[in-house]
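Enquirer: with the sequence up front, the predicted model follows.
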Amino acid sequence: MSQDEDKSIDFIREAINDDLKSGRYTKVHTRFPPEPNGYLHIGHAKALTISFGIAEEYGGQCNLRFDDTNPAKENIEFVNSIKEDIHWLGFDWEDREFFASSYFDKLYSWAIRLIEKGKAYVDDQSQEDVKENRGTLTESGKESPYRNRSVEENIDLLNRMKNGEFPDGSRVLRAKIDMASPNMNLRDPVMYRIIHEPPHHRTGNKWCIYPMYDWAHGQNDSMEGITHSLCDLAYENHRPLYEWFLDELGEYKPRQIEFARLNLSFTVLSKRKLLRLVKEGFVKGWDDPRMPTLCGLRRRGYTPEAIKDFIKRVGVAKNFSIIDVALLESAIRDDLNLHSLRRMAVLKPLKVIIDNYPEQQVEELDAENNPGDPEAGTRKIPFSRVIYIDQEDFRETPPPKYYRLFPGNEVRLRYAYYIKCTDIVKDNNGEVIEVHCTYDPDSYGGKSKDGRKVKATIHWLSETQARSAEFRLYDRLFLEENPEDGEDGFLSCINPDSLTILNGYVEPSLSVAKAGEKFQFERVGFFSVDPDSTAELPVFNRTVSLRDTWSKIEKQQQNQ
RNA sequence: UGGGAUAUGGUGCAACGGCAGCACACCAGACUUUGAAUCUGUGGAUCUUGGUUCGAAUCCAGGUAUCCCAGCCA
């Protein structure tokens, strides 16, 4: 067990501590139970980190169990992607990979047991009638006319349902509880429904009946000896049913504890909405770097460490909450700042000619790979007469407090020399296309001999050695802080500029960077190499920009 | 009077009858060969009304707001 550095622990760990102390349970065994009907996203990362993390902390175990009780929605590809994503985050279930479908036989025998106890019955009502007779939130329901069939008839009917004698929707098995219960989940909930097609991805056509969530989840938890079944607040209303089944069966009963799911500002997390983003082409796929899916975040350049750190910062509670995406960005910046190598890249090139620098000369200058980490070493970067700088680092007429290059001003080229702007060349449209400078030979390496200071240091690339590269700059997908509001609202607040593609240059060494490698482009942001990269054209995804104080200052100036 | 849950700075999370604290965000400054990072500092919160108590974010009662529940989805 971890003795938390900070003594405060969340309510789940508190409950587990109580259970261990009281002897209600003698170990901790959790489970992560995804339905294989979609990709894992950042919200799942929270659930997963809680269940796997708590098991780890208490020296217990966490099972991976696929909740595959509905063949209409599930398939093996999702099973595989889910496993990949969990492993990527750094969690492992060892040999405890389970499927709800593996328990179908045993579950069936438990259903028979309930029927024999008179606690379950086959209902022949149509779907409409079942709905009609369930009542409303304020009115109690009506009992089914089939509610009091004999045990023998119920068993016979269920058996024939299982054998495929009846069409989809014609009958269901229901628990006999209380049609007047104020908790809708207790108004004779459906246990089995008939589904002939499609075949189940694991059991094929063996089964024609499939258990509902409520008639599978708790039972599977029990069968696996789970002690703490941690889930979403949405299942709070299901807990009485979870316990009713196990009590009636007389089986071992885990404790279900619910916590608030993760919501993120400027993000949608509901499966339906994510699906529409993909299907309707607002993004390029489930792993589009703008998606909150784990595969999307991975491609964007997020690290497992940052995601886990983020989840830790979010905390665990029962309040409905919406986390500021800035917290996620802060977590990835912290991680990448510590670990990523620095490189120079020019996203929007502007040509600078250093008139007093010898025409054919090329110098190899030393540059640190990570100023914060001397162990990261240094590299050589070529310098010559013609270089590229970023357009944002030059202004013909500088606004107040602009320290970068402008006519008459001197700046430092990172790791190289001081240069002073002497002249500019414009094209027919009046756009500056060339900047002329002189350099101070006594400022080699960026240190002036006379000790004079310059306010700005800018990044650059030597024209001849620079390699072309594509930069994909991602911004938030939605303009509204809470795009989940409303059904279609999220589509109307899509950010038209969520992706900007720029063609610029990078240091020569980066042309061989491998997909997934991460760098900080100095003064620009953190980038990760995209799998779309080719030998001719490396592609860099911007994971997150650096904090940009200047743009804030400039914005303030414009607002005045 | 359907049932269940939750209310603490802008956003989250703590404080478990005894000085309301932490992170992110915001703001100011120091430092800086990244206007980054780092460091220092400022401001700002207990849903509401009553009650219990020497003392209430915490306990009690009422009110209000928000979330979940009427799938043969999970």
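Expert: Alright, I've got the coordinates.

Enquirer: residue A:472: what secondary structure?
Expert: Assigned by DSSP: H, G, I helix; E, B strand; the rest coil, the conformation of residue A:472 is strand.

Enquirer: how about the nearest residue to it, chain neighbours excluded?
Expert: residue A:541 (5.1 Å; CB to CB, 6 or more residues apart in numbering). Any C-beta I mention is one placed from the backbone N, CA and C, and that applies to glycine too.

Enquirer: is it correct that that neighbour is in contact with residue A:525?
Expert: No - applying CB atoms under 8 Å as the test, residue A:541 and residue A:525 come out as separate, 10.2 Å apart.

Enquirer: what sits against the closest residue to RNA strand B within chain A?
Expert: As assessed by CB to the nearest atom of the strand, RNA strand B sits closest to residue A:446 within chain A, at 2.3 Å. Going by CB atoms under 8 Å, 6 or more residues apart in numbering, residue A:446 touches A:412, A:413, A:414, A:415, A:416, A:417, A:418, A:457.

Enquirer: any chance of these in TSV, plus distance to residue A:341?
Expert: What follows is the contacts of residue A:446, written out as TSV (distance: CB to CB, whole Å):
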residue	distance to residue A:341
A:412	21
A:413	20
A:414	15
A:415	14
A:416	19
A:417	23
A:418	26
A:457	18
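
Enquirer: can you tell me which of the residues you listed end up in strands?
Expert: Among the contacts of residue A:446, DSSP state E puts A:412, A:413, A:418, A:457 in strands.

Enquirer: max pairwise distance over these: which two?
Expert: The span of these, defined through CB to CB, is set by A:418 and A:457 at 9.8 Å.

Enquirer: overlap in contacts of these two?
Expert: Common contacts of residue A:418 and residue A:457 (CB under 8 Å, 6+ apart): A:411, A:412, A:446.

Enquirer: who are the contact partners of the first one?
Expert: Yep, that's residue A:411 we're talking about. A:393, A:403, A:404, A:405, A:418, A:419, A:454, A:455, A:456, A:457, A:458.

Enquirer: so which of those wins on neighbours?
Expert: residue A:419 (28 neighbours; other CB atoms under 10 Å).

Enquirer: pretty sure that one sits against residue A:413.
Expert: Yes - if you go by CB under 8 Å, residue A:419 and residue A:413 touch, sitting 5.9 Å apart.

Enquirer: hmm, back to that, now, among the ones in strands among the contacts of residue A:446, which is nearest to residue A:250?
Expert: residue A:457 (73.7 Å).

Enquirer: beta partners of that closest one?
Expert: residue A:412 (DSSP bridges).

Enquirer: quick one, what contacts it?
Expert: A:411, A:412, A:413, A:414, A:446.

Enquirer: what does residue A:171 give?
Expert: Residue A:171 is in contact with A:122, A:123, A:124, A:157, A:161, A:194, counting by CB under 8 Å, 6+ apart.

Enquirer: please redo it, this time with the cut-off set to 6 Å
Expert: A:122, A:124, A:161 (CB atoms under 6 Å, 6 or more residues apart in numbering).

Enquirer: so which of the residues you listed wins on neighbours?
Expert: Neighbour max across those (other CB under 10 Å) = residue A:122, 25 neighbours.

Enquirer: tell me the SS of it?
Expert: Per three-state DSSP, residue A:122 ends up strand.

Enquirer: so what's the residue count around the closest residue in space to it that isn't next to it in sequence?
Expert: Here the nearest residue to residue A:122 in space, its sequence neighbours aside, is residue A:157; by CB to CB, 6+ apart that works out to 4.1 Å. Counted with other CB under 10 Å, residues neighbouring residue A:157 total 21.

Enquirer: please apply the same query to residue A:56.
Expert: 17.

Enquirer: and it, backbone torsions?
Expert: Residue A:56 has phi and psi values of phi -60, psi -50 when expressed as degrees, to the nearest 10.

Enquirer: not counting sequence-adjacent ones, nearest residue to it?
Expert: The nearest residue in space to residue A:56 (CB to CB, 6+ apart) is residue A:62, at 7.5 Å.

Enquirer: which strand or helix spans that neighbour?
Expert: Applying DSSP states H and E as the criterion places residue A:62 in strand A:61-66.

Enquirer: which secondary structure elements does that strand contact?
Expert: strand A:29-32, helix A:42-57, strand A:97-99 (3 or more CB pairs under 6 Å, 6 or more residues apart in numbering; DSSP states H and E).

Enquirer: give me the contacts around the shortest one.
Expert: By that I understand strand A:97-99. With CB under 6 Å, 6+ apart, strand A:97-99 has contacts from A:63, A:64, A:65, A:66, A:68.

Enquirer: state whether residue A:272 is indeed within a strand.
Expert: No - assigned with three-state DSSP, residue A:272 falls outside any strand and is helix.

Enquirer: tell me the secondary structure at residue A:236.
Expert: Here residue A:236 is recorded as helix under three-state DSSP.

Enquirer: got a pLDDT number for it?
Expert: On pLDDT, residue A:236 comes in at 97.

Enquirer: tell me the pLDDT at the residue nearest to residue A:122?
Expert: 98.

Enquirer: ramachandran angles for it?
Expert: phi -60, psi -40.

Enquirer: ditto for residue A:389
Expert: phi -120, psi 170.

Enquirer: what's near enough to touch it?
Expert: Residue A:389 neighbours (CB under 6 Å, 6+ apart): A:350, A:352, A:458, A:460.

Enquirer: cool, thanks, talk later.
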